[in-house]
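# Okay, sequence plus prediction incoming.
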Amino acid sequence: MAGRTLIQLEKVSKTYKVGKLESTVLKDIDLTITEGEYVSICGPSGSGKSTLLSIIGVLNGATTGRYLFDGADITSMKQAEHARIRNRQIGFIFQAFNLSSEMTAAENVELPLTYRKEMGRKDRKELVDEMLDKIGMTDFANHFPAQLSGGQQQRIAIARALAGKPKIILADEPTGNLDSKAAAIVMDIFDRLNAEGTTICLVTHDPRSASKAKRQVHLFDGRIVDEPQTGKDDDETQLHAV
């Protein structure tokens, strides 16, 4: 049975202007993600994958088109409401981990929860402990990022993304800085999370990682295509797509 529609993009385009130069990075994107799905967004460098993920994650706005998040029109909301959605309904995982070097693993996981004023210290600690246990990092709770391997740091980043019980996890090249063994562990965690009902949207250029998703969305020159294509990238798109 199909789940409730969580992400709905309708004719979304993104254009950047630098002086008189105008470059369209995304072109008329129609995309729907339902609750419980595991979707990968893949394509060559410069195809607009990360730009698309940043729009889905309410980090960046579309130039034209409409975006509904769980039925709410993102394009008509104020910045404060965007920030609330990012903090409470979206979990982010990045290639570079983005952990605070001055905080322990447990403190990094707890950090997004500190912005929830209604949540007490005891409740936050219980959530942190639960998430560290879920990704097998309980024994490393008091370690600092510099004391952890890249794979362990990424697992802490996954725990941080999960701690707020978001409606969707967005992962941007989460295995890009990892060796094959650590990458396999991270992808296995995603498999398990999705099996438990977590909605995941993964951006990757790695076909092996993309194939782990239940559905693959292929981007080429800023458009969704049926199958991966090869050819010369558009130079202006490659310049501005991140």
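Alright, I've got the coordinates.
# Tell me how far the helix ranked longest in the chain lies from the chain's centre.
For the chain, the longest helix by residue count, based on DSSP state H, is helix 180-195. Relative to the centre of its chain, helix 180-195 is centred 15 Å away, using Cα atoms, centre = their mean, to the nearest Å.
# Show me what it is packed up against.
Applying 3 or more Cβ pairs under 8 Å, 6 or more residues apart in numbering; DSSP states H and E, we find helix 180-195 packed against helix 150-163, strand 200-204. Heads up, the C-betas are built off the backbone N, CA and C, glycines and all.
# so which of those comes closest to residue 27?
strand 200-204 (17.5 Å; Cβ to Cβ).
# what about that closest one, average pLDDT?
Averaging pLDDT along strand 200-204 yields 96.
# now it and helix 180-195, what's the angle there?
Calculated by axes from the mean of the first three to the mean of the last three Cα atoms, to 10 degrees, strand 200-204 forms an angle of 150 degrees with helix 180-195.
# And the contacts of strand 200-204?
Residues outside strand 200-204 that contact it (Cβ atoms under 8 Å, 6 or more residues apart in numbering): 7, 33, 37-42, 49-50, 52-53, 56, 168-176, 190, 193-194, 209-210, 213.
# Buried residues in the helix or strand following it, which are they?
Downstream of strand 200-204, the next assigned helix or strand under DSSP states H and E is helix 207-210. For helix 207-210, a neighbour-count test (16 or more other Cβ atoms under 10 Å) marks 209-210 as buried.
# Run through the neighbouring helices and strands of helix 207-210.
Identification of packing neighbours for helix 207-210 by 3+ Cβ pairs under 8 Å, 6+ apart yields strand 38-42, strand 200-204.
# Export the helices and strands packed on helix 180-195 to JSON lines and append columns for distance to residue 109 and mean neighbour count.
As requested, the helices and strands packed on helix 180-195 are exported to JSON lines (distance: least, Cβ to Cβ, whole Å; neighbours: other Cβ atoms under 10 Å):
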{"stretch": "helix 150-163", "distance to residue 109": "5", "mean neighbour count": "24"}
{"stretch": "strand 200-204", "distance to residue 109": "18", "mean neighbour count": "26"}
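# returning to what we had before: dump the helices and strands packed on helix 207-210 to a markdown table, plus distance to residue 163.
As requested, these are exported to a markdown table (distance: least, Cβ to Cβ, whole Å):
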| stretch | distance to residue 163 |
| --- | --- |
| strand 38-42 | 20 |
| strand 200-204 | 16 |
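# To residue 75, which of those strands lies closest?
Across the helices and strands packed on helix 207-210, closest to residue 75 is strand 200-204 (Cβ to Cβ), at 19.0 Å.
# just the angle between the closest one and strand 38-42, please?
Using the same axes, to 10 degrees: strand 200-204 against strand 38-42 is 20 degrees.
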